[in-house]
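Participant: Give me coordinates for this.
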Amino acid sequence: MAMIQNRQRCVRVTFTRVFLIATTVEGIAAFLLLFRIPSEETSAWLFGFSRVRFLTGVVTLLPVLFLTVISLRALLQKTYTERLIMKLEEILDKDNIAFHLLAFLSVILGFGLFFLLIINSPLGEGNDQLIAIYQRSASLLFWMLAVSAQSIPLLLIFYAEIYRQKIRIDPSILLREGVYIAFMFFAFLHWSILFFNIDWFHRMYGWYFGFLKHQESRPVLFLSLMLITSLVVWITLKYPSRWWRNLLLLICLGYGLQIGFGFIEGEGWESLRTRYVERGRSRYSEIVSKDTFDIRSIRDYESNYGNIYHFLSTKPHGYLVFYATTRGVFDLLQPDSSGEDRFENLTRFMAVLYPLIAMLVLPLLLRLARLVLAEEVTISPLILYVCFPGVILFTLQLDQVFFPFLFTAGILLGIRVSENRSWLLSLAMGIFLYLVVFVSFSLLPLLFFLGAYLFLSTLFSDQRWRMKWSEMVRMGGLWLAGFMIAHVIMRTFYNIDLLQRFPNAMEAHERAKGFVSNLPGIAPASLVNNSEFAIWIGFPMLILVLPQFLGTFRSLRKREIGSLDLIVLSFILTLIPLNVFGNTRAEVARLWLFTLPVFSLFISNQIKLLPFSHRMNHIIIVGTQLVSTYLIFLYQFPAQ
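Facilitator: As a prediction, the model looks like this:
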């Protein structure tokens, strides 16, 4: 037995030495080959190479020198090699580090091979930037692939007992590490598409977002935002019982991230204002800023605004009312403004105020999370919501500022009505739905969602509060009655006919967009829309959304439907009319922002699928989202 153990120890020592020497030699070769192709003359700094190349060389040289020292010591001293092996075994035996390391190496190997496949396929043709970067850094890529390919079998062979032991203790570790590998793979894929300007999605008919490059990237400021965000997340998760303080911290964080990216752009609040004004979305503010504007003009919307370019002709009356209300508040603060001065000062006021209004959804989201999620993740949707790329970047637009608030408020009210079955609340729901549609036709999916929720809560209600089908019909009728009461009041006293405005708006939308919703166009439009929205949610987030959908279908099969499952099923049913009758191709990164609160619920419920600690899982997700946001900002934004 002792002889066998001694032989195994010798084999380990030999293979460890071979691994270290091979890795070192490969590293030296990678470092030297890094400088085989000179940089372009425009970027050359010293000896024909750019600053970036020299920095990459320094970063590569440091681990090469470190490996050289270790390899020489291991080669010359057997006892040093044995101590190295024992130390590694001790590290791998802690927590789930052995699996984390294996997962990390698998991501590097898998994505590296995938990247090579793309480079050498028709998908990589014509991308001069991608090819140029690959030619200059191919040696580093091959080194990383070689190290990963060499490490994985050594870990599985020589430390097999550690892996078997961990699996016996927690069999789910394989699933969670697999989710982590897929999560990081999609993250790297998304970042590569942005950084290298790979035009995969642009090949879809109707794709909206082109590539661009901001002149200023301010990486130090971005890293500071990441550090502050990680600190806030760590504090909120460490002290979950202090929910008031956590809520305020996350409101401040959400506000700060929006303004922070304004400072990355250059001028903070002024950058938000300039972005809003210069990209054609300020038409509403221009109108309400005029000295001749009168709120009563909205009563005759069709003649005053119905034929103006689609920004106004495709909207209901309430859209303009929101901006008119903003002007009313502004006039109280600066009553002497007029004309162009008023427009400039009003948009500055909006740049300060609207990012804060956008965070008012967080208290409602916290309330909703407490109703449908486990206690330990009730704060998670708020953390995720403030880090969505769309929330951070689409500032000063009502799709980001106000619509998520209305959608979340509607879900909360729908849950309350379904549980209490009060006729008064049901009427109030109908009036609320009218007000929602009065503000935006983009929120019509809320009507589908709540109708589906009412039906499903009746179908799957338990014996404690089983809702009869007659009660469901009565409640639906009261919703309709409340809607029509509001319509009659607005039509009679204010000459606002929402039922007339809707078909006119849809006709104007078709004229402006040149898109007619028909059967042949639904499939390609749905592909473009859902692909675009997936990118703006954060591509790797799909890895956590899909398990929630699958889990809900599993619960449905067992007829064990929980509160969150009802929301998931209602949302899936809402996706059908949203794609079929959405009457748009692309631009949904902005138009579907109102759905982000429910997506944050879905993801929060599946955070446990990642293999790290509760806090670390959140920090990984938040860090991934911020990197995605930063790269979208640099290479694909501004757009709408």
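Participant: roughly how far apart are V52 and F432?
Facilitator: Using C-beta to C-beta, to the nearest Å, V52 is found at 55 Å from F432. No exception for glycine: its C-beta is placed from N, CA and C like everyone else's.
Participant: Likewise for F343?
Facilitator: F343 sits at a distance of 32 Å from F432 (criterion: C-beta to C-beta).
Participant: returning to what we had before: ok, V52 and F432, which is more surrounded?
Facilitator: The residue with more neighbours, out of V52 and F432, is F432; 23 against 14, by other C-beta atoms under 10 Å.
Participant: That one contacts L413, doesn't it?
Facilitator: Yes - F432 lies in contact with L413 (C-beta atoms under 8 Å); the separation is 6.1 Å.
Participant: what about S418, distance to I411?
Facilitator: For S418, the distance to I411 (C-beta to C-beta) stands at 11 Å.
Participant: can you list residues touching both of these two?
Facilitator: Taking C-beta atoms under 8 Å, 6 or more residues apart in numbering as the contact criterion, the common neighbours of S418 and I411 are Y453.
Participant: which secondary element of this structure has the worst mean pLDDT?
Facilitator: For the chain, the helix or strand with the lowest mean confidence is helix 310-313, at a mean of 74 (criterion: mean pLDDT, DSSP states H and E).
Participant: Just name whatever secondary elements it is in contact with.
Facilitator: Here helix 310-313 touches helix 283-289, helix 498-513, going by 3 or more C-beta pairs under 8 Å, 6 or more residues apart in numbering; DSSP states H and E.
Participant: Past it, which element shows up next along the chain?
Facilitator: Of the helices and strands lying after helix 310-313 in sequence (DSSP states H and E), the nearest is helix 317-333.
Participant: who touches that following helix?
Facilitator: 284-285, 287-289, 293, 295, 298, 301, 305, 312, 337, 342, 345-346, 349-350, 353, 398, 402, 435, 438-440, 496, 498, 501.
Participant: What's the mean pLDDT across that helix?
Facilitator: Here the mean pLDDT over helix 317-333 is 91, rounded to a whole number.
Participant: Return the distance of it from the chain's centre.
Facilitator: 30 Å (C-alpha atoms, centre = their mean, to the nearest Å).
Participant: Which SSE is immediately downstream of that helix?
Facilitator: With secondary structure assigned by DSSP H and E, helix 317-333 is succeeded by helix 339-357.
Participant: Report the inter-axis angle for that following helix versus helix 317-333.
Facilitator: In this structure, helix 339-357 runs at an angle of 110 degrees to helix 317-333, with axes from the mean of the first three to the mean of the last three C-alpha atoms, to 10 degrees as the basis.
Participant: which secondary structure elements does helix 339-357 contact?
Facilitator: For helix 339-357, the packing partners by 3+ C-beta pairs under 8 Å, 6+ apart come out as helix 243-265, helix 269-278, helix 283-289, helix 317-333, helix 398-401.
Participant: low-scoring pLDDT stretches of the stretch 501-640 of the chain, where are they?
Facilitator: Using pLDDT under 70 as the threshold, the predicted model of the stretch 501-640 of the chain has low-confidence ranges 512-521, 582-586, 638-640.
Participant: For L194, which residues are in contact?
Facilitator: Residues near L194 by C-beta under 8 Å, 6+ apart: 628, 631-632, 634-636.
Participant: Could you measure from L443 over to F403?
Facilitator: Counting by C-beta to C-beta, the gap between L443 and F403 amounts to 6 Å.
Participant: Check F394 too.
Facilitator: As for F394, its distance to F403 is 11 Å (criterion: C-beta to C-beta).
Participant: likewise Q129?
Facilitator: Taken as C-beta to C-beta, the spacing of Q129 relative to F403 amounts to 37 Å.
Participant: what does L480 give?
Facilitator: Separation of L480 from F403 (C-beta to C-beta) stands at 23 Å.
Participant: Neighbour count for those two, which is higher?
Facilitator: Between L480 and F403, F403 has the larger neighbour count (other C-beta under 10 Å), namely 26 against 13.
Participant: which one is the more buried one nearest to, not counting chain neighbours?
Facilitator: Distances taken as C-beta to C-beta, 6 or more residues apart in numbering place F594 nearest to F403, at 4.0 Å, with adjacent residues excluded.
Participant: what do you get for G430?
Facilitator: Counting by C-beta to C-beta, 6+ apart, the nearest residue to G430 once its immediate chain neighbours are dropped is G482, at 2.1 Å.
Participant: who touches the one you found in this structure?
Facilitator: Remark: with contacts taken as C-beta under 8 Å, 6+ apart, G482 is in contact with 426-434.
Participant: Could I get the average pLDDT for the helix or strand containing it?
Facilitator: Take DSSP H and E as the rule and G482 turns out to sit in helix 469-494. When pLDDT is averaged along helix 469-494, the result is 90.
Participant: Now do it: distance to the chain's middle.
Facilitator: For helix 469-494, the distance to the chain centre is 36 Å (C-alpha atoms, centre = their mean).
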